[in-house]
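**Student:** sequence plus the predicted model coming up.
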Amino acid sequence: MQHDEMITKVRALAQLPGRGPAEAATRAVLTTLGQRLPSGLAGHVAAQLPPEPAACLRHASEAASSGAAASGERFGLTTFAGRIAARTGTDEDAALREAAAVLEVLDAALAPELMEKLAGALPGDIRELLPLGRAAEDAE
């Protein structure tokens with residue numbers, strides 16, 4: 001998937017008013033995700049993304065794991081949403097909507113087995129933002 005296609009899809013899914021907010025949301029979500037994922041997994045995800053979004057993920061992952069174990073920071077949905085909201089200047093509800101959109105686009109962009117590993121590395125509350133999590137929640 002190309003960078004422009006990713007941003008267009010994020011914009012549509014998150015119902016954002018323009019390309020700028022979609023770019024900002026994508027950067028914020030990938031940066032926050034990069035802080036949460038183990039560095040090796042973040043690197044594998046970044047390898048399947050276009051250069052611009054891959055750089056956000058790699059940079060955040062490297063910063064989070066420098067001087068510490070390469071397992072990523074441990075935080076849940078509240079911190080995840082709060083960090084995205086702070087990076088985009090929105091509220092947490094908007095941040096969650098944007099995160100779900102970016103994660104849905106990632107689901108389409110990544111190899112299925114890599115997306116499964118990504119999902120497995122996230123706590124259950126963040127995993128609920130993934131397309132499969134929403135589908136399972138809707139079925140209940």
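**Tutor:** Yep, that arrived.
**Student:** all helices for the protein, in order.
**Tutor:** Per DSSP state H, the chain carries helices over the ranges 3-14, 19-36, 39-47, 51-65, 77-88, 92-109, 112-121, 124-127, 131-139.
**Student:** so of the ones you listed, which one's packed in deepest?
**Tutor:** helix 19-36 (a mean of 22; mean count of other C-beta atoms under 10 Å). C-beta here means a position set from N, CA and C on the backbone, and glycine is covered the same way.
**Student:** what's that one packed up against?
**Tutor:** Using 3 or more C-beta pairs under 8 Å, 6 or more residues apart in numbering; DSSP states H and E, the elements in contact with helix 19-36 are helix 3-14, helix 39-47, helix 51-65, helix 77-88, helix 92-109.
**Student:** now the longest one: average pLDDT?
**Tutor:** In other words, helix 92-109. The average pLDDT for helix 92-109 rounds to 97.
**Student:** equivalent analysis for the third one, please.
**Tutor:** Helix 51-65 shows an average pLDDT of 88 in the prediction.
**Student:** could you do the fourth one as well?
**Tutor:** On average, the pLDDT along helix 77-88 is 98.
**Student:** next: the second one.
**Tutor:** When pLDDT is averaged over helix 39-47, the result is 94.
**Student:** contacts for it?
**Tutor:** Counting contacts by C-beta atoms under 8 Å, 6 or more residues apart in numbering, the residues outside helix 39-47 that touch it are 33-34, 37, 53-55, 57-58, 60-62, 64-65, 70-72, 106, 110, 114, 117-118, 121.
**Student:** distance of the residue nearest to residue 84 when sequence neighbours are not counted relative to residue 51?
**Tutor:** Among residues not flanking residue 84 along the chain, residue 95 sits closest, at 3.8 Å (C-beta to C-beta, 6 or more residues apart in numbering). According to C-beta to C-beta, to the nearest Å, residue 95 stands 25 Å off from residue 51.
**Student:** no further queries at this time; thank you.
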